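Colleague: What shape does this take:
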Amino acid sequence: MTYRGEMTEPLGARIRRLRTDRGWTQRELAEPGYDRGFLAKVETGSRPPSEEMLAYLARRLSLTVDELRFGRPPGIAEELRAALDEGYRDLEQGRVAAAEERFATVAQQAAGYRLDDVECYARFCRAEVKWQLFDVSGAQKELEHASELEGAAPPWLRAMIVHRWSGCRYLSGDAGTAIARVESALSSSELDPDAELCLLSALIHPLMEMGGLHRAERAAHDGVRLTRVATRPDFVARFHRQASQVWQAIGQPERAEQDLIEACRLFASVGFDRDAARCRWARGYLLRRLGRLAEARAELTAARDQLAAIGSEEGVAGATVELAEVRLRQGASAEAASLVSEVWPLLARDVEALGEATGLRGQIAQAEGDLEKATRLLREAAEIQTRASLHGAAVSTALRLGDVLRQRGHVAEAIEAYRRGLDSAAGTEG
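Modeller: Next up, the predicted model:
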């Protein structure tokens, strides 16, 4: 992919080229504001043009000052943004290599043309490649690189950088920092409805996992108001997907399911296949919670296959662990164990999924009658979840651990496990 423009071309040579391209003499370009001799010195580089002269020449050439100063072809910023949008759709549809190449090319072009807002967007897109490949630390580094130019970025892009950065911190086990960064961004006076909706979406899941149900519910209700005025369908879809967790938690499963169906529709309408598949994963989780296991299995299998087809390793890991839990509940413990083993190497990158999968292996061991192994794995899962401040998950794991210990006749240890569960519950709001 190439674009017109010699980014290393000296300014004087550029003025001369633009003049001769139009078939003008030096006098025709310079007059009436300046004389031919002065323009000749500018073109040879012996005299730099003043800001006033640069503005005058830009008007004569029907360019903006920055187009003339940096050699930008007219409309190049819009062209580069469109290339990034197209690359993002490539990424969402699994064409990772093509997307990565496009993002790198646009980043280089934008840097040469001093288009900081476009370069920031390109850097963010490069972070999205890392996110797609489940390279959490790599994604965070790219996002910090993008943040260097966020002052030139539009509000929606600044919000998405924060959204993804906080997601990286959360997956690394630092939920407190993730929440603090989003809440700080929400206090900005420069937000528009899209940016605010994006940040509220980023806030909901970490709050839910840390036990902040009341705060998450406030964020969800604030987001519902913003969906009426937001302009980006992908941001509205992302919010619906996140808000569904709140509706589940407060006993509104029908609303949760409708939100997930709408999110999937909106993502599909803009060609975001990866995110549409993640909605199916989320719906499978909901169906499992509602006891609709056959439907959950079908939805999670479809989500996992779609995520695998587009190279979303993080999505494959999460959907597979959830599918394994469904199969365990259906009595297929051997298949559940096999599914967890398939994605185990991926889980170290996501502390939440690692804790969930470790606890699930404990449940599988319990179902197979190996209570000693179940005890060890459930303790390990509880430690992972407690360190990461995942209070809701830690409560559930502690209760399962207590039940296993009681089943083994270790009553005192069971009571201690239940007590730890209560301590984790005390760290929640809801």
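Colleague: how close does residue 190 sit to residue 167?
Modeller: To residue 167, residue 190 is 22 Å away according to CB to CB, to the nearest Å. Quick note: C-beta positions are derived from backbone N, CA and C, even for glycine.
Colleague: Those two: which is more packed in?
Modeller: residue 167 (21 against 9; other CB atoms under 10 Å).
Colleague: Could you verify my assumption that the more buried one touches residue 202?
Modeller: Yes. Under the criterion of CB atoms under 8 Å, residue 167 makes contact with residue 202 at 6.9 Å.
Colleague: what residues are up against the residue positioned nearest the centre of the chain?
Modeller: Centrality entry for the chain: nearest residue to the mean C-alpha point is residue 164, 4.1 Å, by CA atoms, centre = their mean. Taking CB atoms under 8 Å, 6 or more residues apart in numbering as the criterion, residue 164 is in contact with 124, 127, 128, 131, 139, 143.
Colleague: who does the helix or strand where the fifth one lies touch, helix- and strand-wise?
Modeller: With elements delineated by DSSP states H and E, residue 139 resides in helix 136-147, which encompasses its position. For helix 136-147, the packing partners by 3 or more CB pairs under 8 Å, 6 or more residues apart in numbering; DSSP states H and E come out as helix 116-132, helix 155-171.
Colleague: Serialize these to CSV and add fields for distance to residue 79.
Modeller: Shown next, in CSV, are those (distance: least, CB to CB, whole Å):
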stretch, distance to residue 79
helix 116-132, 10
helix 155-171, 18
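Colleague: Pipe the ones you listed into TSV and attach mean pLDDT per row.
Modeller: Output for the helices and strands packed on helix 136-147, formatted as TSV (pLDDT from 0 to 100):
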stretch	mean pLDDT
helix 116-132	96
helix 155-171	96
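Colleague: Tell me which of these sits nearest to residue 210.
Modeller: helix 155-171 (9.5 Å; CB to CB).
Colleague: separation between residue 324 and residue 336?
Modeller: Using CB to CB, we find residue 324 at a distance of 4 Å from residue 336.
Colleague: Residue 30 now?
Modeller: 80 Å.
Colleague: now swap in residue 126 and tell me
Modeller: Distance, residue 126 to residue 336, using CB to CB: 37 Å.
Colleague: Tell me how the protein divides into domains.
Modeller: 11-73, 272-349 (automatic domain parsing).
Colleague: What's the end-to-end length of the longest one?
Modeller: Think domain 272-349. 24 Å (CA to CA, to the nearest Å).
Colleague: can you check the shortest one too?
Modeller: Between the start and the finish of domain 11-73 there is a gap of 14 Å, counting by CA to CA.
Colleague: Averaged pLDDT, that domain. What do you get?
Modeller: Averaged across domain 11-73, pLDDT comes to 89.
Colleague: What of stretch 251-262?
Modeller: Stretch 251-262 comes out at a mean pLDDT of 97.
Colleague: C-alpha coordinates for it, PDB please?
Modeller: Output of stretch 251-262 as PDB, limited to C-alpha atoms (Å, rounded to 0.1, in the frame of the first residue of the first chain):
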ATOM      1  CA  GLY A 251     -32.100 -11.200  38.500                       C
ATOM      2  CA  GLN A 252     -33.100 -10.000  35.000                       C
ATOM      3  CA  PRO A 253     -31.900 -12.900  32.800                       C
ATOM      4  CA  GLU A 254     -34.400 -12.100  30.000                       C
ATOM      5  CA  ARG A 255     -33.000  -8.600  29.700                       C
ATOM      6  CA  ALA A 256     -29.500  -9.900  29.800                       C
ATOM      7  CA  GLU A 257     -30.200 -12.300  26.900                       C
ATOM      8  CA  GLN A 258     -31.800  -9.600  24.800                       C
ATOM      9  CA  ASP A 259     -28.800  -7.300  25.400                       C
ATOM     10  CA  LEU A 260     -26.500 -10.100  24.100                       C
ATOM     11  CA  ILE A 261     -28.600 -10.800  21.100                       C
ATOM     12  CA  GLU A 262     -28.600  -7.000  20.300                       C
END
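Colleague: so what pLDDT did residue 428 get?
Modeller: pLDDT for residue 428: 53.
Colleague: tally of neighbours for residue 377?
Modeller: Residues near residue 377, counting by other CB under 10 Å: 24.
Colleague: What is the least confident helix or strand in this structure?
Modeller: helix 65-70 (a mean of 82; mean pLDDT, DSSP states H and E).
Colleague: Check residue 339 and give its pLDDT.
Modeller: 97.
Colleague: Please tell me how far it sits from residue 299.
Modeller: 15 Å.
Colleague: And for residue 109?
Modeller: 42 Å.
Colleague: Between the two, which is the more surrounded one?
Modeller: Taking other CB under 10 Å, residue 109 and residue 299 do not tie; residue 299 has more neighbours (26 against 23).
Colleague: nearest spatial neighbour of the more buried one, skipping sequence neighbours?
Modeller: Take residue 299 and drop its neighbours on the chain: the residue closest to it by CB to CB, 6 or more residues apart in numbering is residue 284, 3.8 Å away.
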